[in-house]
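Asker: Sequence plus predicted model, see below.
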Amino acid sequence: MSNAQNPPTTLVSKDPKSELAFAFQQLADEIFSLNNQLLAIGDRLSNDKEVSTARWQILATIRNEALTAAEIARRRRLRRQSVQETVQRLQQQNLVEFHPNPRHSRAQLVKLTQKGKDVINALSERQIDTVNLLFQNSDLSLENIYDLTKELHRTLEVIERFDTLDFITDFRKEQA
C-alpha cells in the first residue's frame, strides 16, 4: 500500500524545503508504485503475443511513423543503447524492419511490419478494454486524468532542466 492514501495531516517540518522534499518523495513513491502496477498489467496483457511492456512501448512509439532508434529513445526518455537492443529483438520476432533513412545514411528507420501492426492493434484493443474495466466504477474522471497528466508533465519539465548527475555531484561538493 502506498503512503498517499493516508497523507499526513500536519507538516513534518516547519522548514518549507523539508516539507517540499517530503511531499515530492510521496509523489515519487506513488509514481513508482503506479509504474510497477502498469508494467505488471501490460506484461499480462501482452504475454501471449510474446511482447514485453518494453517492446510494446517501442511498437506504440513507431505505430504511426518510422523513427530511428535515437529518436525513439528521445521520445520515450530511454537510453539509445537500450532501445537499440529492444529493436533488435523486435526485428528477430519479425515485428519491425529497418529502412534506409533519407536524412541520415547510418541511422536506419525502424518501421512496423504487418505482423507488428497486427500485434500493436490487438494490444491497443486490450488496453482500451482494460482501462475501461479498471475505471468503470471509479470516481476518477476524464478531466482528472488530463489534469494529472498535465501536472506530471510539468513536473517532468522541471526535473529535465537539470543534468541530474552533475546537479547531484555539484550539490554534494557544496555540502562538503
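Answerer: Arrived safely, thanks for sending. Numbering: from 1, shown residues only.
Asker: In contact with the most centrally placed residue in the chain, which residues?
Answerer: Nearest to the mean C-alpha position of the chain, counting by CA atoms, centre = their mean, stands residue 76 at 6.4 Å. Contacts for residue 76 (CB atoms under 8 Å, 6 or more residues apart in numbering) come out as 57-58, 61, 83. C-beta coordinates here come from the backbone N, C-alpha and C atoms, glycine included.
Asker: Wasn't residue 98 part of a strand?
Answerer: Yes. Assessed by DSSP: H, G, I helix; E, B strand; the rest coil, residue 98 belongs to a strand.
Asker: Tell me where the chain has helices.
Answerer: 16-46, 53-61, 69-76, 80-92, 114-135, 142-160, 164-175 (DSSP state H).
Asker: Would you format those helices as JSON lines with mean pLDDT and distance to residue 102 included?
Answerer: Output for the helices of the chain, formatted as JSON lines (pLDDT from 0 to 100; distance: least, CB to CB, whole Å):
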{"stretch": "helix 16-46", "mean pLDDT": "93", "distance to residue 102": "32"}
{"stretch": "helix 53-61", "mean pLDDT": "96", "distance to residue 102": "20"}
{"stretch": "helix 69-76", "mean pLDDT": "95", "distance to residue 102": "14"}
{"stretch": "helix 80-92", "mean pLDDT": "96", "distance to residue 102": "19"}
{"stretch": "helix 114-135", "mean pLDDT": "96", "distance to residue 102": "22"}
{"stretch": "helix 142-160", "mean pLDDT": "92", "distance to residue 102": "30"}
{"stretch": "helix 164-175", "mean pLDDT": "68", "distance to residue 102": "35"}
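Asker: closest one to residue 107 among these?
Answerer: For residue 107, the closest of these is helix 69-76, at 6.4 Å, according to CB to CB.
Asker: Relative to the whole chain's centre, how far out is the closest one?
Answerer: How far helix 69-76 lies from its chain's middle: 12 Å, per CA atoms, centre = their mean, to the nearest Å.
Asker: Can you point out the buried residues in it?
Answerer: 69, 71-73, 76 (16 or more other CB atoms under 10 Å).
Asker: okay, among those residues, which ones form the most distant pair?
Answerer: 69 and 76 (10.6 Å).
Asker: Quick check: neighbours shared by the two?
Answerer: The contact sets of residue 69 and residue 76 overlap at residue 83 (CB under 8 Å, 6+ apart).
Asker: how many neighbours does residue 106 have?
Answerer: If you count neighbours by other CB atoms under 10 Å, residue 106 ends up with 6.
Asker: I'd guessed residue 86 sits against residue 61; true?
Answerer: No. The criterion here is CB atoms under 8 Å, and residue 86 misses it with residue 61 at 10.5 Å.
Asker: Which of the buried residues of helix 69-76 sits closest to residue 44?
Answerer: Of all the buried residues of helix 69-76, residue 44 sits closest to residue 76, with 21.1 Å by CB to CB.
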